[in-house]
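Asks: A structural model of the following input is requested.
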Amino acid sequence: MDTRSVWHRLDHFLAHLRPHRQALSLAIDGLAVAVCWNVTYLFRLGFERWISARPDYDLLVMVGVVAAYLVAFALAKVPQSIWRFSGFGEVKRLTAACFSAGAVSAATVIGLGLYGVPRAVLALHPAVVLMGVCLLRIAYRMLYEHARNHITGGEGEIRRALVLGAGEAARRLLAGIHQQGWTVLGLLDDDPAKQRARISNLPVVGTLDTVRDRARRSAATHVIVAMPSATPRQRRRALDLAAATGLPVLTVPSADELRDSRSEALRVRDIEPEDLLGREPVQLDEAGIGETLRGKTVLITGAGGSIGSELCRQVARYQPARLVLVELSEFNLYTIEQELTEAFPGLPLVKLIGDVKDLPHLRHIYAQWRPQVVFHAAAYKHVPLMEEDNAWAALRNNTLGTYHAALAAAEQGVERFVLISTDKAVNPTNVMGATKRAAEMVISSLAAQHPGTRFMAVRFGNVLGSSGSVIPKFKEQIAKGGPVTVTHPDIIRYFMTIPEAARLVLQAAAIGESGQVLVLDMGEPVKIVDLARDMIRLAGRSEAEIGITFTGLRPGEKLYEELIADADHTLPTKVARVRIAALGELAAPDELAREIAQLQAGEELQPADVRQWLRHRVPEFGPAAVTIAG
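Replies: Residues are numbered from 1 along each chain as shown. Reported below is the predicted structural model:
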């Protein structure tokens, strides 16, 4: 069924003519000059004589006059103008061209002694032509504005898209995209069976490579990738082809989003971090996670943060008996509470303002709500901010806060406690990473002291799209016109998506044993500068236009990150690509407990004292390397 209006069809027809715009403009203007020649005769001689009184050679004269006007229009660059943007500047060019061509035509006719052509026709014709061609442009502009208002419902420009993919997602997209102010010019798909087929009465006009054809895409304003079920490699190829056009690139929801969607029609969205991942997302043991969480009281610290809020969404899917949200930021707590209430109306929520640095309050929370599973996501994670003036805050929040949350869990007999750690805890070169490594040690120490609770940590790399990550920063810089700032041309990072990170945390809760640190095989690392270039291209901009500036490594920053320390080795688990880091010898639990107690009782430490404590507790803590290993 064709859901397009007559205005969509008209815009679609005009869009296909657009590659031939200049030739068509000259042809239409030439026809207008010829019509105006006859209108001038009609005005001068009247209906009775406007045909009979003409000389035999008038047709040849008219052809010569049309040629003179077309040459004048070409010299004035009239065909290059866009009719829907015609204004006073266009009128000035047309006026000069019309009267110049009229003067040359009159002089030539008189010079050749062609006295059968009335002098009044030669004198009036340029003014009539000027009115005719201006009226043409005004009429076209009125038609365009009327079509735009019907298509977009407002003052916005008509958006014309080429769609990569001609499967079920494309069909659902076409079911409603025209009502969203779009005109679809055609579909592209590599499947031979779909070539020259029609989807929702729109043609499949070629393979994905056809998007390289400048003539085919000349009328398009956007490229939409509608391939949610394709492999990451296929989607990446489609995104690369789309980005190479220089047009803004959009996509449809992912396969998971499509399965959850209640609407037949789809809306396009911007390219999200997971679209750039370029590898198969890790599939985890859903059944095992469900057994761990279903019917349990689950507590999440840092519940309003990037990882914490995604954990809330994922945990809610497994029907816990109660979800206890502990968050220091009132706004973040309100935001996640509103989202969960709407998405999971039957889930009991406990919304608590809480600080992991406040041990008595944590003990009260645990005693009142008796959680069985705890996910500890509260942390300060921004490396440069924690490096100098906030070093003590990082130690208190990341290390002491972990100790408080874990100790209170042990005292209340929590079944499972999962710390969310980071790859920056491996051979740390910054305060943030060292405090997270010390937090892992706290977990291992408490695991030895409190066998009734399973303590474990999950370590993963950079999370695409999380607060403070490069994706939101790059998006903002591109929107402002650049430049995009990258610290070093050779800096590389392991990446995963927020949902993938949250699933790994849930998986750790299901399979982890006490004292373990679980890590994810994250595939090949990504160059940050390549990620920046991808985002610039997918926004429809060029690197020359936006620019990339290298600012130098920040304090404590590495060129590369590791997931496993050099001295460690890993053991497999029953879940593919999830492994256990077998860590070296740790401090005696009693010794670590004494040091923690001294920190709690002592005064605020200066940054140098914080580093000294961390170097004592985390022997591998040292300065950043300046070259990439291997």
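
Asks: Can you pull the domain assignment for the protein?
Replies: The chain resolves into domains spanning 6-152, 159-271, 286-461+495-520+562-617 when parsed by automatic domain parsing.

Asks: how about those, which one is nearest Arg541?
Replies: domain 159-271 (8.1 Å; Cβ to Cβ). The way it works is simple: take the backbone N, C-alpha and C, and place the C-beta from them, glycine included.

Asks: Could you work out the end-to-end span of that closest one for me?
Replies: In domain 159-271, first residue to last residue: 17 Å (Cα to Cα, to the nearest Å).

Asks: so can I have a markdown table of the domains of the chain showing mean neighbour count?
Replies: Shown next, in a markdown table, are those (neighbours: other Cβ atoms under 10 Å):
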| stretch | mean neighbour count |
| --- | --- |
| domain 6-152 | 16 |
| domain 159-271 | 18 |
| domain 286-461+495-520+562-617 | 20 |
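
Asks: Could I get those domains in TSV, plus columns for mean pLDDT and distance to Val486?
Replies: Formatted as TSV, the domains of the chain follow (pLDDT from 0 to 100; distance: least, Cβ to Cβ, whole Å):
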stretch	mean pLDDT	distance to Val486
domain 6-152	81	37
domain 159-271	79	18
domain 286-461+495-520+562-617	88	14
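
Asks: Which one, of those domains, ends up nearest to Ile478?
Replies: domain 159-271 (10.8 Å).

Asks: related to what we said a few turns ago, among the domains of the chain, which is nearest Gln477?
Replies: domain 159-271 (15.0 Å).

Asks: Please, where are all the helices along the stretch 201-350 of the chain?
Replies: Per DSSP state H, counting those that start in this stretch, the stretch 201-350 of the chain carries helices over the ranges 214-217, 232-243, 255-260, 286-293, 306-317, 330-343.

Asks: any chance of the ones you listed in TSV, with distance to Ile28 too?
Replies: As requested, the helices of the stretch 201-350 of the chain are exported to TSV (distance: least, Cβ to Cβ, whole Å):
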stretch	distance to Ile28
helix 214-217	20
helix 232-243	33
helix 255-260	45
helix 286-293	63
helix 306-317	56
helix 330-343	55
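
Asks: For His376, list each beta-bridge partner.
Replies: For His376, the beta-bridge partners under DSSP bridges are Thr301, Leu419.

Asks: Which residue comes closest to the most centrally placed residue in the chain once chain neighbours are left out?
Replies: In the chain, the C-alpha nearest the mean C-alpha coordinate belongs to Ile271, at 3.1 Å (Cα atoms, centre = their mean). Leaving aside its sequence neighbours, Ile271 sits nearest to Leu538 (Cβ to Cβ, 6 or more residues apart in numbering; 4.9 Å).

Asks: Next, the contact list for that neighbour, please.
Replies: Taking Cβ atoms under 8 Å, 6 or more residues apart in numbering, we find Leu538 in contact with Leu239, Ala242, Ala243, Pro248, Val249, Ile271.

Asks: My read is that the first one contacts Ile271, right?
Replies: In other words, Leu239. Yes. Leu239 lies in contact with Ile271 (Cβ atoms under 8 Å); the separation is 7.2 Å.

Asks: Spit out the residues that contact these two alike.
Replies: Val249, Thr251, Leu538.

Asks: So the second one is in contact with Ile224, correct?
Replies: Yes. Thr251 is within contact range of Ile224, at 6.7 Å (criterion: Cβ under 8 Å).

Asks: Give me the common contacts of the two.
Replies: Joint contacts of Thr251 and Ile224 (Cβ under 8 Å, 6+ apart) are Val268.

Asks: what secondary structure does Asp190 sit in?
Replies: Assigned with DSSP: H, G, I helix; E, B strand; the rest coil, Asp190 falls in the coil class.

Asks: For it, what are phi and psi?
Replies: phi -80, psi -10 (degrees, to the nearest 10).
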